[in-house]
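Engineer: have a look at this prediction, sequence included:
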Amino acid sequence: MTPPKQPPLTLDEILARLNALADPRNVEGQRRFGIRPAHQLGISMPALRGLAKGRQRSHDLALQLWATRIHEARILASLVDDPQSITREQMEAWVQDFDSWDVCDQVCMNLFGEHPLGLEMARTWPHRPEEFVRRAGFVLMAVQAVHRRDLPDQSFQNYFPLMLEYANDERNFVRKAINWALRQIGKRNAALCQGAIQTAQQMLAIESPSARWIARDALRELEKPERIR
């Protein structure tokens with residue numbers, strides 16, 4: 001029998017634990033990987049997951065954590081929020097606050113990716129000019145490819161034109177997200193693999209170093225004989 005979940009920690013309890021876990025040495029290590037938000041404590045993902053594990057979800061607590069603007073508190077917010085309580089307004093507000101690729105990815109993976117509105121945001125956020133908003137749109141595609149087994153192939157085929165449209169975005173965090181989405185969709189099944197390969201081949205014709213990098217890197221994985229079979 002699964003034991004009942006414990007009540008969520010209070011905001012003050014969480015902030016005390018986060019400050020106790022803070023490690024300036026990890027901050028420097030994270031910055032070498034392009035993680036440079038304003039308020040950073042240097043706490044690992046396993047430690048953050050440990051704070052949320054076995055506890056009830058709380059939408060109010062998630063909003064309080066997000067409002068602190070602390071990097072790790074915002075990641076934790078994506079782990080404790082109640083998906084049924086998410087609104088369009090919250091998704092739009094949070095995506096505007098993204099200031100690092102890991103917060104972007106964790107929120108999309110832990111919270112937004114399987115939400116019904118995630119399909120709409122995956123179609124609309126790529127059109128936005130902000131780096132992490134555009135990245136979030138493509139990260140949602142990758143997350144859906146892995147976790148949304150209920151979605152038909154057509155949902156993912158609709159994403160290929162968006163990848164082609166923005167493959168010339170030379171910003172590193174955008175092109176890596178497009179590459180991630182292309183590879184994950186291609187690994188979903190044989191039909192989508194062929195669609196992803198065709199999309200990558202079209203990218204090779206685009207006069208853009210970013211587009212060519214996305215395509216070549218994806219093709220190295222998608223054209224493996226075992227993947228095509």
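Structural biologist: Cool, got the structure.
Engineer: distance of the most centrally placed residue in the chain from Ala142?
Structural biologist: With distances taken as Cα atoms, centre = their mean, Asp105 lies nearest the centre of the chain, 2.5 Å away. Asp105 sits 9 Å away from Ala142, going by Cβ to Cβ, to the nearest Å. Glycine gets a C-beta too; all of them are placed from N, C-alpha and C.
Engineer: residue ranges with poor pLDDT in this structure?
Structural biologist: Low-confidence segments of the chain, defined by pLDDT under 70: 1-2, 226-229.
Engineer: next secondary structure after the helix or strand harbouring Asn26?
Structural biologist: Counting by DSSP states H and E, the secondary-structure element that holds Asn26 is helix 24-32. For helix 24-32, the succeeding helix or strand toward the C-terminus, using DSSP H and E, is helix 45-52.
Engineer: and that next one, C-alpha only, in CSV?
Structural biologist: In CSV, the C-alpha atoms belonging to helix 45-52 read as follows (Å, rounded to 0.1, in the frame of the first residue of the first chain):
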residue,chain,number,x,y,z
MET,A,45,18.6,18.7,-9.4
PRO,A,46,18.6,15.5,-7.2
ALA,A,47,18.5,17.8,-4.1
LEU,A,48,15.7,19.8,-5.5
ARG,A,49,13.7,16.7,-6.4
GLY,A,50,14.3,15.4,-2.8
LEU,A,51,12.5,18.5,-1.4
ALA,A,52,9.4,17.7,-3.5
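Engineer: which other residues reach it?
Structural biologist: The list of residues contacting helix 45-52 from outside it, by Cβ atoms under 8 Å, 6 or more residues apart in numbering, reads Leu9, Ile14, Arg17, Leu18, Leu21, Glu72, Ile75, Leu76, Leu79, Val80, Gln106.
Engineer: could you redo the last one with a cut-off of 10 Å?
Structural biologist: Counting contacts by Cβ atoms under 10 Å, 6 or more residues apart in numbering, the residues outside helix 45-52 that touch it are 8-9, 13-14, 17-18, 21, 23, 26, 43-44, 53, 72-73, 75-81, 102, 106, 110.
Engineer: buried ones only from these, please, as a ChimeraX command.
Structural biologist: With 16 or more other Cβ atoms under 10 Å as the burial test, the buried ones among these are selected in ChimeraX as follows:
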select :8,9,14,17,18,21,26,43,72,73,75,76,77,78,79,80,81,102,106,110
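Engineer: would you mind pulling up the elements that the longest helix belonging to the chain packs against?
Structural biologist: In the chain, assigned by DSSP state H, the helix with the most residues is helix 131-147. Judged by 3 or more Cβ pairs under 10 Å, 6 or more residues apart in numbering; DSSP states H and E, helix 131-147 is in contact with helix 88-97, helix 101-107, helix 117-124, helix 153-157, helix 160-166, helix 172-186.
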